[in-house]
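Visitor: Structure for this input, please:
(one chain, ligands or ions: 1)
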Amino acid sequence: MNYLVFKSLHIISVVTWFAGLFYMPRLFVYFAEAETRIPTERKILQDQYKIMQRRLWYGITWPSAIAVLIFGSTLASQFWPITQYPWLVLKLIFVAGLYAYHIFLHSIFNQQQDNNTSFSPMALRIINEISTIFLVAIVFLVVLKNVLSMVYGIVGLFVFVAILLTAIKAYKKIRENEVLNSDQITLDKLKLINNSSDDWKQKLNEEEYQILRMCGTERPFSGEYYLFFEVGLYACAGCGHELFSSETKYNSGSGWPAFYDVVGTENVRLIEDQSIGMKRIEVRCAHCDSHLGHVFEDGPHPTGLRYCINSIALKHHKP
Ligand code: FE
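Guide: Numbers count the residues shown, from 1 in each chain. Have a look, this model is predicted:
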């Protein structure tokens, strides 16, 4: 067959392979984030994500990876001896790296198919970015056939990432300023919000920091309070403000402490959260803006609400 026909088939299979490599870790993230849901919701979501993972992995990603190998080898045989083409040698090293990444994703795929999530959503988000680096490196090499151009390409990518991170930081600052400008602000709150991440790191231990300040979630059935029903009040672990009472605490079976009401609605701040591809309501401490958990509309009488809160975000004390 014609060289250009193979080249076209090769490019098509590369595009579909990358489509799989880009989307698969997103499904891993959704699966890991579904861990925070109550058991019935979690099961429905995770079963659905597992079906989507299998279709994407075995229907598109694996066949494309094999097609790339077949068409790519046919094309590479035209470049002989290969040592005359340094760009191609380097490209093949990157391609080998990409296959290693593919195998690594396969191991995460196997884990999640067995209902095991050893990677946090944050770690999976970072893993998600690896294919971008491979894509930039390989495309620059193939198009420019020049090792130096690829180096420029990668430097450009890092500059782009740095700009993106700065923009995210700037956006966060603007959002914080909006909070500071709101009417209900107190001097105390102002001081707390202005605390830098370094201050919080000193004040909190690693686990508390991850949950309260980085919006993390403790593993279900692991916290101190999910089966704890002593009388008293639950204060924010970040600032000590009282948030929940034992009178509204109940066992939701989700593996996290659940309350059907707050001590006062002014004590928490509710924010729309779309982080796992669906709308949820995040609960934060209104005083120090620490992340506490989420609120769902499947709670018991009389409010019908379920505040699903991390144990680590709370400190119980007797009244
Ligand atoms: Fe607080």
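Visitor: Now for the closest residue to Gly72 other than its chain neighbours: which residues touch it?
Guide: With CB to CB, 6 or more residues apart in numbering as the criterion, Gly72 has its nearest non-adjacent residue at 5.7 Å, and that residue is His10. In this view, the C-beta of every residue, glycine as well, is placed from N, C-alpha and C. Residues in contact with His10 (CB atoms under 8 Å, 6 or more residues apart in numbering) are Val68, Phe71, Gly72, Thr74, Leu75.
Visitor: And for Thr74?
Guide: Applying CB under 8 Å, 6+ apart, the residues contacting Thr74 are Phe6, His10.
Visitor: Please report the distance of Ser252 from the ion.
Guide: Distance, Ser252 to the ion, by CB to the ion, to the nearest Å: 22 Å.
Visitor: all helices for the stretch 51-200 of the chain, in order.
Guide: Secondary structure of the stretch 51-200 of the chain by DSSP state H, counting those that start in this stretch: the helices cover 62-76, 86-113, 121-128, 130-144, 147-181, 187-193, 197-203.
Visitor: hey, C-alpha coordinates of the third one in CSV?
Guide: Looking back up the chat, that one is helix 121-128. C-alpha atoms of helix 121-128 as CSV (Å, rounded to 0.1, in the frame of the first residue of the first chain):
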residue,chain,number,x,y,z
PRO,A,121,-8.9,12.7,42.8
MET,A,122,-6.2,15.3,43.0
ALA,A,123,-3.5,12.7,42.1
LEU,A,124,-5.6,11.5,39.2
ARG,A,125,-6.0,15.1,37.9
ILE,A,126,-2.2,15.4,37.8
ILE,A,127,-1.9,12.0,36.1
ASN,A,128,-4.4,13.4,33.5
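Visitor: what comes up buried for that helix?
Guide: Going by neighbour count (16 or more other CB atoms under 10 Å), the buried part of helix 121-128 is Pro121, Leu124, Arg125, Ile127, Asn128.
Visitor: now that helix: mean pLDDT?
Guide: Helix 121-128 carries an average pLDDT of 84.
Visitor: Show me the contact partners of that helix.
Guide: Residues contacting helix 121-128 (CB under 8 Å, 6+ apart): 22, 25-26, 28-29, 32-33, 104-105, 108, 119, 214, 216, 275.
Visitor: Also the last one?
Guide: The contact list for helix 197-203, computed with CB under 8 Å, 6+ apart, reads Asn195, Tyr209, Leu212, Arg213, Gly238.
Visitor: quick check, distance from that helix to the centre of its chain.
Guide: 22 Å (CA atoms, centre = their mean, to the nearest Å).
Visitor: mind showing which ranges of the stretch 51-200 of the chain have poor pLDDT?
Guide: When residues are selected by pLDDT under 70, those of the stretch 51-200 of the chain lie in 150, 172, 175-196.
Visitor: redo that, cut-off 50
Guide: Under the criterion pLDDT under 50, the flagged ranges of the stretch 51-200 of the chain are 183-192, 194.
Visitor: just checking, which of the contacts of helix 121-128 belong to helices?
Guide: Phe22, Pro25, Arg26, Phe28, Val29, Ala32, Glu33, Phe104, Leu105, Ile108 (DSSP state H).
Visitor: Tell me which two of those sit farthest apart.
Guide: The largest separation in the ones in helices among the contacts of helix 121-128, counting by CB to CB, is between Glu33 and Phe104 at 20.3 Å.
Visitor: Up against the ion, what does the protein have?
Guide: Within the chain, the positions near the ion by CB under 5 Å from the ion are Cys236, Gly238, Cys239, Cys285, His287, Cys288, Ser290.
Visitor: quick one: contacts for the last one?
Guide: For Ser290, the contacting residues are Leu212, Arg213, Cys236, Ala237, Gly238, Cys239, Arg284, Ala313, by CB under 8 Å, 6+ apart.
Visitor: Tabulate the residues you listed in a markdown table, adding columns for pLDDT.
Guide: Formatted as a markdown table, the contacts of Ser290 follow (pLDDT from 0 to 100):
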| residue | pLDDT |
| --- | --- |
| Leu212 | 92 |
| Arg213 | 89 |
| Cys236 | 94 |
| Ala237 | 92 |
| Gly238 | 90 |
| Cys239 | 88 |
| Arg284 | 92 |
| Ala313 | 95 |
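Visitor: Highest neighbour count among those?
Guide: When neighbours are counted as other CB atoms under 10 Å, the busiest of those turns out to be Ala313, with 28 neighbours.
Visitor: Now His291, what are its backbone angles?
Guide: Here is the backbone geometry of His291 (degrees, to the nearest 10): phi -70, psi 130.
Visitor: Pop out the phi and psi values for the closest residue in space to it that isn't next to it in sequence.
Guide: Closest residue to His291 apart from its sequence neighbours, by CB to CB, 6+ apart: Cys215 at 4.3 Å. Per-residue torsions, Cys215: phi 60, psi 40 (degrees, to the nearest 10).
Visitor: Is there a neighbour count for Cys215? I'd like the number.
Guide: 18.
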